[in-house]
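Peer 1: need a structure here:
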Amino acid sequence: MSSFHFLSFLLFLTLSSATNHHHYPAPKPSPLVATTATPAIQQACKATHSPLQCESSLSQSTLPPNPTSLQLLQAAMAVSSTNLATALTMLKSLLHASADSKNRTVAATTCLEVLHNSNHRVSLANESLPRGKTKDARAWLSAALAYTYDCWNSLKYANDTKQVGETMSFLDSLSTLNSNALSMAFNYDAFGNDTASWKPPTTERDGFWETLGSGYGSRPVTEFPDKSNADVTVCKGEESGCLKTVQEAVNKAPDNVNGGEGKRFVIYIKEGVYEETVRVPLEKGNVVFLGDGMGKTVITGSANVGVPGMTTYNSATVEARRVHS
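Peer 2: Below you'll find the predicted structure:
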C-alpha cells in the first residue's frame, strides 16, 4: 500500500488496556532555557511548534557551519532516532519490572512493538528524502509520531508505578521531537532551501489546502487490479493452486523494505467467510486485497477487549504491523 494509504489506515488504530484503580501522574519535563543556537538552527526551528526544544536538540547535533535545509531536517530525524532508542531501552526495563502486573506487561509489550514501527518509519523517511520523495517522507514521519502517541496512550491505562510515569514523561518529550522533525519536513517539501519562508505548518482548519504537485514517490493507482492476473488466490473450495487462508497468501508477498515501492502484490480472495486474524508485516509493501464484493468476501475475527490481556490494538482482524517471528 502507498505511504499515504497506510497512514490513513494507521490513524484508525488506538490502543487500550484494562484500567487500573491507581495512577501516578507523569512528571513534567524540565523547563527549557534559551540556547545559543546558530542563526540557521534558529530559523529552521521557527517552523516548529516547540522552537526552544528544537534549538536545544539541534545545537547538540553534529552539523557543518552552514548546514543546508536538508541537513537540518536530517539532524532533527537523527535526534528522534537517538531518543527512540532510549525509549526502547526504558520500555524493555519496564517490561522486565512488570511481572507482577498483566496490565503493565501488555502495555509495555505493545509499546515496544509500536516504537519499533516508529523507528522503521523514521528510517524510511531518511531513505526517501535524498531521492526527492518529500511527501513520502512526510507520511512516514506522521506515522512515526502517531506510533509514539499510541505507546503513550497504552501506558496511560497502566500507570501505577513511578517507572511508568517517568517513561510516559520521556515519551512526551519524544513526541515533541518527532513533531519538530515532521514540521521541518513539511516546510522542506513546501519551500526547500528557502528557510526564510519556513513557518509552523497550517492545516485545513486554518484555511490551508495543499495541492498535489511534486514530491510523491509512489505512482498513483489509476487502474483496478485484474483478478485473472492476481499473484495468489485464496478460496474456500478444493481448487487446484488455491490457498486456504488469507494469512498464507500474505506470507507469500515479498519483503519490500523501501516502503512499498514497485510492483503491487495482488491477493484475490474468492467469495466466502474467512474466520482468521490477518497480519500484514510492515516489511511487505504494496499488498492489495481483491475480493468478490461486499458481503461476499468476508474476513472476520472474534478478538475483543473482553478477553483477558487483549487490547484494542491487538484485537484488529486485519492489520498492517510489525510481526514478530
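Peer 1: who's in contact with the closest residue to Lys199 other than its chain neighbours?
Peer 2: Spatial nearest neighbour of Lys199, chain neighbours left out: Ala47 (5.9 Å); criterion: C-beta to C-beta, 6 or more residues apart in numbering. From N, CA and C alone the C-beta is placed, and that goes for glycine too. Contacts for Ala47 (C-beta atoms under 8 Å, 6 or more residues apart in numbering) come out as Ser183, Met184, Phe186, Asn187, Thr195, Trp198, Lys199, Pro200, Pro201.
Peer 1: Now the two most distant members of those residues.
Peer 2: Pairwise distances among the contacts of Ala47 were taken by C-beta to C-beta; the largest, 14.4 Å, belongs to Thr195 and Pro201.
Peer 1: Could you list the low-pLDDT ranges of the stretch 151-300 of the chain?
Peer 2: By pLDDT under 70, the low-scoring segments of the stretch 151-300 of the chain are 204, 207-223, 257-262.
Peer 1: separation between the most centrally placed residue in the chain and Asp150?
Peer 2: Centroid-nearest residue in the chain, with C-alpha atoms, centre = their mean: Ala143, separated by 3.1 Å. To Asp150, Ala143 is 10 Å away according to C-beta to C-beta, to the nearest Å.
Peer 1: got it, and Glu113?
Peer 2: Distance, Glu113 to Asp150, by C-beta to C-beta: 10 Å.
Peer 1: next one: Ser240
Peer 2: Going from Ser240 to Asp150 by C-beta to C-beta gives 43 Å.
Peer 1: Name the residue in the two with the higher neighbour count.
Peer 2: Using other C-beta atoms under 10 Å as the criterion, Ser240 and Asp150 rank with Asp150 on top: 21 against 4.
Peer 1: Give me the distance between that one and Val79.
Peer 2: Here Asp150 is placed at a distance of 20 Å from Val79 (C-beta to C-beta).
Peer 1: Please apply the same query to Leu73.
Peer 2: 11 Å.
Peer 1: quick one: which of the two has more around it?
Peer 2: Taking neighbours as other C-beta under 10 Å, Leu73 and Val79 compare with Leu73 leading, 28 against 22.
Peer 1: who's in contact with the more buried one?
Peer 2: Leu73 makes contact with Ala44, Leu129, Ala181, Met184, Ala185, Tyr188 under the criterion C-beta under 8 Å, 6+ apart.
Peer 1: which one of the residues you listed is nearest Lys296?
Peer 2: For the contacts of Leu73, the residue nearest Lys296 by C-beta to C-beta is Ala185; the value is 41.3 Å.
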